[in-house]
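K.L.:
what's the 3D shape of this:
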Amino acid sequence: MLSFTLYSDSDAPSKSKSLLTDSRRDFGMIPNLHAVMAESPQLLQAYKMTHQLFCESSFNDVERTIVWQTINGFHECHYCLPAHTAIAHGMGVDAGLIDALKLGAPLDDPRLQLLRDTTLALVRERGRLSDAQLQAFFSAGFTKANLLDMVLAIGQKVMSNYTNHLAHTPLDKAFEPYS
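P.N.:
This is a model prediction of the structure:
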């Protein structure tokens, strides 16, 4: 099995050190995902940048959680599903919604279910949505910016989900209660 180093801000490649120092400041720890990604400073920087950009996107906390967790679930990411469950709790997202996302259960709100379904279709169909899917999405009040922000989230989650599959990233203790 391929083995990856969990770097700290003291032993990481030089271009990753400040990125990991920032992670420690922002999260109170260096998440193991960041510690693995530090092997490639470019990947770590791109991941952190896309994460920040998606957090500033056209979606609110609930909608971002739905998009993230739908992608994480599709990719069966052992690390990101519990990590984003913890993040969602920290953002104050409704626990029933968090559980429904984790279990793959239908969402009570039809608009939010449509967001989940559209995200899943976008990932599954590699960006090819039918006219009917697009019409339903826009009829529910979503916008072209929302649709393109979903593409941004997919890029972010491909970076993290694929890294976690390759590295078998160990789950941080902070996320263990959500696994």
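K.L.:
which residues sit against stretch 45-57?
P.N.:
Stretch 45-57 is contacted from outside by 19, 22-23, 33-34, 37, 64, 145, 149, 152-153, 155-156, 159-160, 163, using Cβ atoms under 8 Å, 6 or more residues apart in numbering. Glycine gets a C-beta too; all of them are placed from N, C-alpha and C.
K.L.:
derive a PyMOL selection command for the buried subset of those.
P.N.:
Those of the contacts of stretch 45-57 that count as buried under 16 or more other Cβ atoms under 10 Å are selected in PyMOL with:
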select buried, resi 19+23+33+34+37+64+149+152+153+156+159+160+163
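K.L.:
nearest to Leu112, of the contacts of stretch 45-57?
P.N.:
Among the contacts of stretch 45-57, Arg64 lies closest to Leu112 (Cβ to Cβ), at 11.7 Å.
K.L.:
who are the neighbours in contact with Thr70?
P.N.:
101, 116, 119-120, 123.
K.L.:
how about the residue minimising distance to the centre of the chain: what's its closest non-neighbour residue?
P.N.:
The chain has Trp68 as the residue nearest its centroid, 4.2 Å off, counting by Cα atoms, centre = their mean. Nearest residue to Trp68, sequence neighbours excluded (Cβ to Cβ, 6 or more residues apart in numbering): His84, at 4.9 Å.
K.L.:
which element is the one you found on?
P.N.:
Using DSSP states H and E, His84 sits within helix 80-91.
K.L.:
where along the protein do the helices fall?
P.N.:
Along the chain, the stretches classed as helices by DSSP state H are 14-27, 32-37, 41-55, 61-74, 80-91, 95-103, 110-124, 131-139, 144-167.
K.L.:
of those helices, which is nearest Tyr7?
P.N.:
Closest among these, using Cβ to Cβ: helix 32-37, at 5.1 Å.
K.L.:
coming back round to it: do I have it right that the residue nearest to the centre of the chain meets Lys157?
P.N.:
Yes. In this structure Trp68 lies within contact range of Lys157 using Cβ atoms under 8 Å: 6.6 Å.
K.L.:
outline the domain layout of this protein.
P.N.:
9-56, 60-166 (automatic domain parsing).
K.L.:
could those be laid out in JSON lines, adding distance to Tyr178 and mean pLDDT?
P.N.:
JSON lines is the format used below for the domains of the chain (distance: least, Cβ to Cβ, whole Å; pLDDT from 0 to 100):
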{"stretch": "domain 9-56", "distance to Tyr178": "13", "mean pLDDT": "97"}
{"stretch": "domain 60-166", "distance to Tyr178": "4", "mean pLDDT": "97"}
